[in-house]
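Peer 1: With the input below, show me the fold.
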Amino acid sequence: MGHLTQKDERRIIKLIEEWSELKLTWPLLVEACKEKLGISRARQSLMKLPAVDLAMKNRKAALKAPKEKPGWVNDIHEANERIEKLTVTNQKLMGALRDMHARFLIWQVNADMHGVTQSMLEQPVSQLRKRT
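Peer 2: This is a model prediction of the structure:
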């Protein structure tokens, strides 16, 4: 049987995160690990793994949560209008990101040409104000 490897732990967590049945219990998880992953462990040993325990709690909460998410709309026309607005906003943000990236590249080259180091650039503003 041996110890569980980190890979085994990740596989168990993935199994939990992809759990599609309405009910999730430790005995059901133990059985699924045996059948789908070939990992035979008691629920107590699975519960002792903090990441597995957390994944289990999160998935159980998600399964119990209402299926319709807050902010969702029932009217398809209203949903399409909202999608259109979000698409426009997203395009504006992507343009701003491209502009900032171009500006950053210019600043990076200028800093390098003038001998400004990364540590100089990362000094907190309060230290910069004391010097002036």
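
Peer 1: Which residue is the nearest non-sequential neighbour of residue 49?
Peer 2: residue 9 (6.0 Å; C-beta to C-beta, 6 or more residues apart in numbering). To be clear about C-beta, it is placed using only N, CA and C from the backbone, and glycine gets the same treatment.

Peer 1: Quickly find the element holding that neighbour.
Peer 2: For residue 9, the element it lies in under DSSP states H and E is helix 6-17.

Peer 1: Tell me the helix or strand right after the longest helix that the chain contains.
Peer 2: If you go by DSSP state H, the chain has its longest helix at helix 76-113. As assigned by DSSP H and E, the chain's next helix or strand after helix 76-113 is helix 118-121.

Peer 1: Could you give the average pLDDT over that next one?
Peer 2: Averaged over helix 118-121, pLDDT sits at 89.

Peer 1: Which neighbouring elements make contact with that helix?
Peer 2: Using 3 or more C-beta pairs under 8 Å, 6 or more residues apart in numbering; DSSP states H and E as the contact test, no helix or strand touches helix 118-121.

Peer 1: three-state assignment of residue 23?
Peer 2: Here residue 23 is recorded as coil under DSSP: H, G, I helix; E, B strand; the rest coil.

Peer 1: got the contact list for stretch 31-46?
Peer 2: Applying C-beta atoms under 8 Å, 6 or more residues apart in numbering, the external contacts of stretch 31-46 come out as 1, 4, 8, 11-12, 15, 19, 26-27, 29-30, 52-53.

Peer 1: repeat that with 6 Å
Peer 2: Contact with stretch 31-46 is made by 8, 11, 26, 30, 52, as judged by C-beta atoms under 6 Å, 6 or more residues apart in numbering.

Peer 1: in it, what counts as buried?
Peer 2: 32-33, 39, 41, 46 (16 or more other C-beta atoms under 10 Å).

Peer 1: Could you save these as JSON lines and add columns showing distance to residue 118?
Peer 2: What follows is the buried residues of stretch 31-46, written out as JSON lines (distance: C-beta to C-beta, whole Å):
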{"residue": "32", "distance to residue 118": "48"}
{"residue": "33", "distance to residue 118": "47"}
{"residue": "39", "distance to residue 118": "45"}
{"residue": "41", "distance to residue 118": "47"}
{"residue": "46", "distance to residue 118": "45"}
